[in-house]
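> Model the structure of this input:
(3 chains)
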Amino acid sequence: MKRQIPLMIVLILGLLFVAHVFIPNKLSSDYLDWFMKWMKVIGPFAIVLGVFSLVYVHYNKIKRKAPTWGYSIVTLTALVVTTAVGFIWGIQEGTPYMWIFKNFNVPLGATMFSLLAFYIASAAYKAFRARSIEATVLLVAAIIVMLGRVSIGQAITHWIPDITEWILNVPNLAAKRGIALGVGLGMTATSLKIMLGIERSYLGGKD
Amino acid sequence: MTETIGIWIAAFLTLCMFSFLYKDNPFYKFAEHLFVGVSMGYYIPYTYYNAFIPYAYEPLFLKKEYILIIPFIIGFLYWFRFSSKYSWVSRYPIAFSMGMVGMGVPMNMHANVLVQMRTMMLPLNSINIILIFVGTISILLYFFFSKAHKGVYGKFTSIGVWFMMVGFGASFGYTVMARISLLIGRIQFLLGDWLGLIK
Amino acid sequence: METVTDKEEIEEIENRIALYSDYIEDKPEIVKKANQLKSDKERMKLLYKTHCTNIRSFKYYIRKTDGQGHFIDTPIYTAPNGEQYIFPKQNWFNNDEIITLIAVLLFAALVYFMIQAARKGKRLYIRPIAGIQEIDNAIGRATEMGRPILFVPGLSGISDVATLAGLAILSKVAKKAAEYDTRILVPCRDFIVLPIAQEIVKEAHYEAGRPDTYDKNSVFFITQAQFAFVAGVNGIMIREKTATNFYMGMFWAESLLMTETGSATGAIQIAGTDAVNQLPFFITTCDYTLIGEELYAASAYLSKQPLILGTLKAQDYMKLLIVVTVVLGTILSTVHLTFFMNWFPAK
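The predicted model follows:
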């Protein structure tokens, strides 16, 4: 009941999905439609788990007066205010909800993303300092491709864009292909293990 | 007016985030915690209006598709996680969402294995195709777990490592410009939209 | 309902009724048939079914052209019964997928035989992988330092197989951490990954015989937004001073933001992903990186259960088979024999 039935559900649905791939019949596409439709109903319920967990963690921090507990108030206030604004005035363009999105979420996200420009430089420096042959190969290829994609590369010598193209089309292609083949097998095996119940850690304990 | 306030807030938050480059500080901590709050706060009404209403509420209560009571109940079972005694009940909706792994078995075999195999079977009529062929085979053998990387075999798999490193370098170099343009975008916002120094 | 009193209006409605009656009189059989049905729903059903059949019925002929404006047409195909319209019939098997079916059955058979062999106690050798061997030491290091371990199970949901592979590794790492009595922090971005990760960590504590040390707050949700999640994770690394960071699963552009911060805090970092575009960043900033398939193999290495080891062995033999097949196919296509290659799907 606690473990066997969930495993049976995974097995039966899984086998039907295997069959779905091979059967082009309407019955088979109806099955996929049915599953998707139900998943769309089930999905939104899970959000409560996330919200509850977030609130619980920060509420606890405030209650225990843990270090930086003051910032937890910021998180909870922001959460409550944004949610309330969305429910009170709706989520269309021009509502306060979208104003918050535009002036809070967008700049915060874009700035976080743009920090990568600094981090990528520091990662390159790490590769340079590592002094292993592999890291050097990686770095040299990176520099060539980087230069080959901008006009400076062309200006230095026409070899750079040519080599860039070669790197992208030959070793890079081989690397992508080799990795994809291995990953494909790994994914097939993992899916099979889960479907057959060989790998069942996701269900937790035996009790 | 609200637009100006908005730009000032956005600029302040941008600077708070950038301050992390120096070190963790109260401004970053504030921005980080605010970001977590607003992003989740954004997501709740979004999911309600764009997922719950059209796919769950409307079909069941307005179109009266009563069969949807079943997934409603399955979804509701997630909430048993809050009970320590009955938390196992939440395995049912989890198992239900896991059902799709079955599709992964043939799909991955098809898209990642068989299709790739076909693309490899090209006539070896140019040095580049031979290089790709050797590179792919050596990488594949690098991922062969049943034999230690020693001797001639070890040398061959190390060719695979070289290929991968050049490939990773290519990805790395390819990404750099995209990341720099993101940074330029933020600087343009600060200098242009906020301070009006550049047009 | 309103009652119409205006004469002109009544006349117009009567005209319209007459028009539709005429229409039904001399219009297709199907409309008449539908008209005889009692309920609206049945009428709609019949009409819709006919509509579906009609839009998918075709006549065909073949046109041959020399590409310079000259062409010749065959007459329209007529079936022996005189019918020109043809309607597609549903198949019960997709013939294009026959090679996939063979490959899947072959793989399943390999898995079965290898599991049987492993169960009988046959010793299955697997070569050591540095990144996986270091997992133990990395957990030990956190224990010695008295600091927590961070485990990020990727940013994707369970529809990504990489997430499931990451969660399988989590169960082993969490068990070790529980044995060493070291705190493990698991931030989640997906709602469904959250309860799964909670179950896994809880069970790991039970298995290690330390149910009392399981902290409900150790597996938690941060937020759905990609970069807000990363901001949160970075905060955790710095403030909780995590000694060891694991990143196992699916990652996107945010990967470098986390690993650079982790490397700045001096943590030992072990990553594993099949996201090819993120691998260069993991390799340059982490101490060990499990590349592609190694991520999927890691749980087998760590668990050493015959069932899981057997599957890994089957993967290996499948790989050998792929190499042999590809070499054969390449030789054949080099001598212009493409029939073999054409058995495989192009997309």
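
> From here on, just use CA atoms for contacts and neighbour counts.
Fine.

> Show me how chain C divides into domains.
C:7-73, C:124-304 (automatic domain parsing).

> Could you point out which of those domains sits nearest B:Ala178?
Between B:Ala178 and these, the shortest separation by Cα to Cα is 10.8 Å, and it involves domain C:124-304.

> ok, that closest one near chain B or not?
Yes: applying Cα under 8 Å from any Cα of the partner chain, one finds domain C:124-304 touching chain B at C:125-128, C:158-159, C:161, C:192, C:195-196, C:222-225, C:228-229, C:231-232, C:235, C:238, C:276-277, C:279-281, C:293-294.

> Number of residues surrounding A:Leu16?
18 (other Cα atoms under 10 Å in any protein chain shown).

> ok, back up a step: which among the residues of domain C:124-304 next to chain B end up buried?
C:126, C:158, C:161, C:192, C:195-196, C:222-225, C:228-229, C:231-232, C:235, C:276-277, C:279-281, C:293-294 (16 or more other Cα atoms under 10 Å in any protein chain shown).

> quick one: average pLDDT of whatever helix or strand A:Ala123 lives in?
Element membership for A:Ala123, per DSSP states H and E: helix A:116-130. Taken as a whole, helix A:116-130 has an average pLDDT of 92.

> and the next element down the chain from that helix?
Note on helix A:116-130: by DSSP H and E, the next helix or strand toward the C-terminus is helix A:133-148.

> Could you list the residues in contact with that following helix?
A:124, A:127-128, A:130, A:153-154, A:160-164, A:167, B:161-162, B:165-174, B:176-177, C:284 (Cα atoms under 8 Å, 6 or more residues apart in numbering or on different chains).

> Next one: the residue of chain B found nearest chain C, what pLDDT does it get?
Nearest to chain C in chain B, going by Cα to the nearest Cα, is B:Pro123, at a distance of 3.9 Å. On pLDDT, B:Pro123 comes in at 95.

> ok, the closest residue in space to it that isn't next to it in sequence - how many residues close by?
In space, and not counting its chain neighbours, B:Pro123 is closest to C:Thr334: 3.9 Å by Cα to Cα, 6 or more residues apart in numbering or on different chains. Counted by other Cα under 10 Å, the residues lying close to C:Thr334 total 15.

> what's the answer for C:His70, then?
8.

> Kindly report the same for the one 4 residues further on.
Other residues within reach of C:Thr74, judged by other Cα under 10 Å, total 10.

> still on that earlier bit, so how far is the helix holding A:Ala123 off the chain centroid?
23 Å (Cα atoms, centre = their mean, to the nearest Å).

> likewise stretch A:56-65?
28 Å.

> can you check stretch B:59-79 too?
30 Å.

> And the contacts of it?
Against stretch B:59-79 from outside (Cα under 8 Å, 6+ apart): A:38-39, A:41-46, A:48-49, B:56, B:89-94.

> May I ask you to confirm that A:Val18 is in contact with B:Gly99?
No: A:Val18 is beyond contact range of B:Gly99, at 10.2 Å (criterion: Cα atoms under 8 Å).

> still on that earlier bit, intersect the contacts of stretch B:59-79 with the contacts of chain C.
Answer for the contacts of stretch B:59-79 near chain C (Cα under 8 Å from any Cα): A:Ala46, A:Leu49, B:Ile94.

> Not counting sequence-adjacent ones, nearest residue to the first one?
Okay, so that is A:Ala46. C:Phe191 (5.6 Å).

> Am I right that that neighbour is in a helix?
No: membership of C:Phe191 in a helix is not supported by DSSP: H, G, I helix; E, B strand; the rest coil, which gives coil.

> residues in contact with it?
A:Ala46, A:Ile47, A:Leu49, A:Gly50, C:Phe221.

> go again using 10 Å as the cut-off
Applying Cα atoms under 10 Å, 6 or more residues apart in numbering or on different chains, we find C:Phe191 in contact with A:43-51, A:53, C:157-158, C:220-224.

> same check, this time on A:Gly70
Contacts of A:Gly70 by Cα under 10 Å, 6+ apart are A:His58, A:Lys61, A:Ile62, B:Phe30, B:His33.

> Near chain A, list only the ones from the buried ones among the residues of domain C:124-304 next to chain B.
With Cα under 10 Å from any Cα of the partner chain as the criterion, those include C:161, C:192, C:195-196, C:222-225, C:228-229, C:231, C:276-277, C:280-281, C:293-294 near chain A.

> Any chance of the domains of chain C in a markdown table with mean pLDDT as columns?
Formatted as a markdown table, those follow (pLDDT from 0 to 100):
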| stretch | mean pLDDT |
| --- | --- |
| domain C:7-73 | 86 |
| domain C:124-304 | 94 |
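
> which of these is buried the deepest?
Among the domains of chain C, domain C:124-304 has the highest mean neighbour count (mean count of other Cα atoms under 10 Å in any protein chain shown), at a mean of 22.

> Tell me which of the contacts of A:Gly70 fall in helices.
A:His58, A:Lys61, A:Ile62, B:Phe30, B:His33 (DSSP state H).

> ok, the first one - how many residues close by?
Using other Cα under 10 Å, A:His58 is surrounded by 20 other residues.

> Surely it is in contact with A:Leu76?
Yes: here A:His58 reaches A:Leu76: they are 7.3 Å apart, a contact under Cα atoms under 10 Å.

> Compute the distance between A:Ala84 and A:Phe52, please.
16 Å (Cα to Cα, to the nearest Å).

> give me the number of residues near C:Gly82?
8.

> That should have said A:Ala84, apologies.
Neighbours of A:Ala84 (other Cα under 10 Å): 17.

> after the helix or strand containing it comes which helix or strand?
According to DSSP H and E, A:Ala84 maps onto helix A:69-89. Once the chain leaves helix A:69-89, the next helix or strand it forms, by DSSP H and E, is helix A:96-100.

> next SSE after that following helix?
helix A:106-114.

> what about that next one, near chain B?
Yes: using Cα under 10 Å from any Cα, helix A:106-114 comes into contact with chain B via A:Val106, A:Pro107, A:Leu108, A:Gly109, A:Ala110, A:Thr111, A:Met112, A:Phe113, A:Ser114.

> Tell me the most packed of those, by neighbour count.
A:Leu108 (30 neighbours).

> Can you tell me the SS state at C:Tyr60?
Assignment for C:Tyr60 (three-state DSSP): coil.

> Pull the contacting residues for it.
Taking Cα under 10 Å, 6+ apart as the test, what C:Tyr60 contacts is C:Thr74, C:Pro75, C:Ile76, C:Tyr77, C:Thr78, C:Gln84, C:Tyr85, C:Ile86.

> Which parts of chain A belong to which domain?
Split by automatic domain parsing, chain A gives A:4-114, A:116-192.

> which one of those is the most hemmed in?
A comparison of the domains of chain A by mean neighbour count, using mean count of other Cα under 10 Å, puts domain A:116-192 on top with a mean of 21.

> Can you get me the start-to-end distance on it?
37 Å.

> and the gap between C:Leu337 and chain B?
According to Cα to the nearest Cα, to the nearest Å, C:Leu337 stands 9 Å off from chain B.

> count of residues packed around that residue?
Neighbour count for C:Leu337, taken as other Cα under 10 Å: 14.

> Where does it sit: helix, strand or coil?
coil.

> likewise C:Phe151?
Secondary structure assignment for C:Phe151 (three-state DSSP): strand.

> Which secondary structure element of chain A has the lowest mean pLDDT?
Every helix and strand in chain A was compared by mean pLDDT, DSSP states H and E; the lowest is helix A:151-156, with a mean of 86.

> helices or strands up against that one?
Contact partners of helix A:151-156 among helices and strands, from 3 or more Cα pairs under 10 Å, 6 or more residues apart in numbering or on different chains; DSSP states H and E: helix A:133-148, helix A:159-169.

> Distance from it to the middle of the chain?
The answer for helix A:151-156 is 35 Å, by Cα atoms, centre = their mean.

> I'm done for today, thanks for sticking with me.
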